[in-house]
Each structure stands twice: as C-alpha cells, then as structure tokens.
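Colleague: would you be able to build a 3D model of this:
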Amino acid sequence: MQATKTDIISKLRKDILQWEGYKPPAPGTQGLMGLGEVEAAFPNGVFPVGTVHEMVCGNTGQAAACGGFVTGLLSVLMQHGGACLWAGLSGNLFPPALKAFGVEPEKVIFVHLAQDKDVLWVMEEALKCEGLSAVVGEVREIDFKQSRRLQLAVEQSRVTGFVLRNQSRKLSSTACAARWQIKPLPSEPHDGLPGLGYPRWQVDLLKVRNGQPGSWVMEWADGRFVAAEKPVLEQQVLMMG
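Modeller: Presented below is the predicted three-dimensional model:
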C-alpha cells in the first residue's frame with residue numbers, strides 16, 4: 001500500500017509540473033545552461049526555458065551585473081542562430097560589450113522606450129514570436145496581471161523571457177517561474193593586479209516554482225559559467241553563524 005501511495009504522489013508531482021509548463025527533460029538537456037548546482041535547484045534539475053524569469057535589481061550596480069549574467073544565458077539560448085529582442089528604459093547598454101559574453105550585438109534588436117507599459121507591451125508581442133530565442137525587458141514595476149500576460153505568451157511560442165526590475169519600489173507577486181537577484185562581486189586578481197579577473201556574481205534564487213531557492217557564486221570564464229568560492233569574509237561570517 002505504501003508503495004502505491006508513493007507512486008501516486010510521484011505521478012501527481014509530474015502531472016502538476018507539466019500543467020505548469022515544466023515538461024520532462026529531454027535527453028541531454030540537464031546542465032545545458034552550464035550553471036552547475038544552480039540548475040539543480042529547478043524542477044527536474046533543468047533550467048526552465050520557454051518561460052519568464054524575473055530579475056530583481058536594487059541599484060545601478062546590480063542592474064549592470066544582472067545585464068552581464070543574463071547576457072551569458074543569452075549566449076546559450078542563441079547558440080543555434082536565434083535572435084533576441086532587448087527593450088529597456090535606460091539606454092545605458094553598450095552593445096559591443098555583449099561580445100565579452102559570447103553574444104554578437106547584431107543579433108540583438110534593441111528598443112528604447114519611455115514607460116514601463118510600453119516595454120511590457122513590446123515584450124508581450126515579442127514573446128509571441130517563435131522566431132526569437134529570448135526577449136529581455138527592463139522595467140521598474142510589473143504586477144501579477146502583467147506578468148501573467150507574458151507567461152501566457154510564452155506558453156505557445158516557448159520563447160524565454162527575462163524581466164529586469166530596476167530599482168522597483170515594491171516587489172509584488174508575479175506569475176514568473178523564478179525570481180533572481182544578481183549582485184556584483186570583486187573578481188579574483190589576475191597576476192596580482194585587481195580588476196582584471198573574470199566577471200563574478202552572487203547569484204540568489206529568491207523564489208522558484210516547485211524548486212529550491214539558494215545562493216551561489218558564479219564567474220564567466222573562458223566563454224562559460226563556472227562555480228566560484230564564496231568570498232573569504234562571507235565564509236567567515238557563515239562559520240561564526
């Protein structure tokens with residue numbers, strides 16, 4: 001009887017994941033994004049594509065770090081020749097810098113707009129386009145209804161979306177599959193010289209549907225994500241705690 005209950009519960013979990021847009025992983029998809037332990041936090045141990053991710057940026061420094069991290073993800077999503085649309089309010093993105101993360105700027109459509117509602121409209125329409133690999137939108141605020149419209153758009157197209165919330169005043173609930181916060185960290189000195197090492201981030205997965213939140217330190221080195229050790233000061237704090 002116990003085995004039967006276990007089988008029923010296991011089947012229900014799989015059914016719920018599929019109803020929420022998580023399909024069983026295809027062969028070779030685990031570890032596809034190269035995020036290592038981070039990907040293990042998601043259902044089935046697979047980074048969810050074809051859904052919408054929310055990236056929380058508390059200040060300009062975090063917004064810049066988040067842009068770099070997302071661009072690293074785009075390099076994987078676009079590796080088979082797809083294009084990306086990037087809509088934002090700031091216009092601070094320097095397209096040639098995308099090459100540092102393996103993304104050719106001519107394969108990205110940049111749209112600069114004045115208001116959140118315009119960015120969200122452009123995102124919704126772009127997410128319906130199956131010819132795109134990903135869509136990125138920089139906004140200040142987004143509510144549950146607006147995020148649900150984005151999620152509905154990707155359920156048909158299977159395009160991956162990223163909402164970068166820059167300096168949002170209030171973090172309301174959304175329908176996004178995951179909520180991230182990316183913070184910049186000092187890079188390791190190169191040949192004893194500071195500031196010349198690989199880009200490094202503290203990656204916090206704050207919320208993830210049917211997954212396990214967590215915190216990691218990641219670098220972008222030699223064209224891919226690699227796990228890095230936590231800063232010494234942070235390790236000491238954890239030991240004292």
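Colleague: can you show me the helices along the chain?
Modeller: Per DSSP state H, the chain carries helices over the ranges 2-19, 37-40, 60-77, 116-127, 144-157, 232-240.
Colleague: residue 168 and residue 55 touch, don't they?
Modeller: No. Residue 168 is beyond contact range of residue 55, at 10.7 Å (criterion: CB atoms under 8 Å). C-beta: built from backbone N, CA, C; applies to glycine.
Colleague: comparing the two, which residue is more hemmed in?
Modeller: residue 55 (24 against 16; other CB atoms under 10 Å).
Colleague: give me the beta-bridge partners of that one?
Modeller: Residue 55 forms beta bridges with residue 164, residue 180, as assigned by DSSP bridges.
Colleague: for it, what are its contacts?
Modeller: Residue 55 sits next to 66, 69-70, 162-165, 179-182 when contact means CB atoms under 8 Å, 6 or more residues apart in numbering.
Colleague: now do residue 68
Modeller: When contacts are counted by CB under 8 Å, 6+ apart, residue 68 touches 100-101, 199, 201, 220.
Colleague: now do residue 228
Modeller: Counting by CB under 8 Å, 6+ apart, residue 228 has contacts 188, 200, 217-219.
Colleague: returning to that earlier point: got JSON lines for the contacts of residue 68, with pLDDT and neighbour count too?
Modeller: Converted to JSON lines, the contacts of residue 68 look like this (pLDDT from 0 to 100; neighbours: other CB atoms under 10 Å):
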{"residue": "100", "pLDDT": "92", "neighbour count": "14"}
{"residue": "101", "pLDDT": "93", "neighbour count": "20"}
{"residue": "199", "pLDDT": "91", "neighbour count": "18"}
{"residue": "201", "pLDDT": "95", "neighbour count": "23"}
{"residue": "220", "pLDDT": "93", "neighbour count": "22"}
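Colleague: quick one: which of the residues you listed is nearest residue 213?
Modeller: residue 201 (16.2 Å; CB to CB).
Colleague: that closest one contacts residue 184, correct?
Modeller: Yes. Assessed by CB under 8 Å, residue 201 is found in contact with residue 184 at 6.3 Å.
Colleague: anything in contact with each of these two?
Modeller: What both residue 201 and residue 184 touch, as defined by CB under 8 Å, 6+ apart, is the set residue 65.
Colleague: widest-spaced pair of the contacts of residue 68?
Modeller: Applying CB to CB across these, the maximum distance is between 100 and 201, 13.9 Å.
Colleague: just how off-centre is stretch 127-145 within its chain?
Modeller: Offset of stretch 127-145 from its chain centre (CA atoms, centre = their mean, to the nearest Å): 12 Å.
Colleague: measure that stretch end to end?
Modeller: Terminal residues of stretch 127-145 lie 16 Å apart, using CA to CA, to the nearest Å.
Colleague: what residues of that stretch count as buried?
Modeller: For stretch 127-145, burial by neighbour count (16 or more other CB atoms under 10 Å) applies to 127, 132-139, 141-142.
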